[in-house]
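Student: 3D, please:
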Amino acid sequence: MKKTALLFIIIATFFSTLSRAQKTPSLPNLDLGLKLGANFAKLDGKNWDGGYKASFLGGVFVGIRFPKVGVQLEGFYSQTNYSVDGKGFYNLYSGFYNNAKDSLKKGAFRVSYFNIPVLFQIKVLPFLWAQVGPQYSGILNVKDVDNLVTNAKGLFKSGDISGVIGLEAKLPFHLVVGARYVLGFSSINNTTVSDAWQQRVIQAHVGYSFL
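Tutor: As a prediction, this is how the structure comes out:
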């Protein structure tokens, strides 16, 4: 609840800044482009490996910017890699396993997402913008790398809402460089076991705006 309240406070601040900016009308700048980057993700919860695992992301963005504020909508594909420790995970989720012989086996799940963030932007320095907003992440596919369970996708909820905060530089020659932190607001555990699986993601990206 505290995290959600903080996000709403930041968004309210953005709209307050936007209303002040509109008192001095000017034509907005439009953004439309592509982005590629790296995704470093982990899943909090019992018996998940707590380290950040690297993967990739790529997609498109479209936005509108006034001199000091703006809004950016994105759609991008990303992968996350989550690994389990073996016996501890089996003790909780043995009903999902293909074979009891795998009870001590460590395993990994590769989860593919389609992400839709709506980011409110505030200019903090020339070329540098702070970004904050909500993100919906829908699961496209779950690969059980080590063939541990009968229905890997069934372990995870189909989607979740996260909060995003980051910085993005709008550079000369239409280049864009940015970094973000993404925190899941709810558990993506779809099983009946009482264990909260909360996403934490660090992202870095480069992009090119056509406009």
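Student: beta partners for the spatially closest residue to residue 176 that is not a sequence neighbour?
Tutor: Spatial nearest neighbour of residue 176, excluding adjacent residues (Cβ to Cβ, 6 or more residues apart in numbering): residue 207 at 3.8 Å. Every C-beta, even on glycine, is put in place using the N, C-alpha and C of the backbone. Residue 207 has the following beta-bridge partners by DSSP bridges: residue 35, residue 176.
Student: can you confirm residue 88 is in a strand?
Tutor: No: counting by DSSP: H, G, I helix; E, B strand; the rest coil, residue 88 falls outside a strand, being helix.
Student: distance check, it against residue 174.
Tutor: Relative to residue 174, residue 88 is positioned 49 Å away (criterion: Cβ to Cβ, to the nearest Å).
Student: what's the answer for residue 28, then?
Tutor: According to Cβ to Cβ, residue 28 stands 17 Å off from residue 174.
Student: likewise for residue 187?
Tutor: 40 Å.
Student: got it, and residue 51?
Tutor: Using Cβ to Cβ, residue 51 is found at 36 Å from residue 174.
Student: then residue 110?
Tutor: Separation of residue 110 from residue 174 (Cβ to Cβ): 33 Å.
Student: tell me the confidence at residue 20?
Tutor: Residue 20 is assigned 53 on the pLDDT scale.
Student: try residue 4
Tutor: At residue 4, the model reports a pLDDT of 51.
Student: in the longest strand anywhere in the chain, which residues are buried?
Tutor: Across the chain, the longest stretch assigned as strand under DSSP state E is strand 107-125. For strand 107-125, the neighbour count (16 or more other Cβ atoms under 10 Å) marks 107, 109-111, 113, 115-117, 119-123 as buried.
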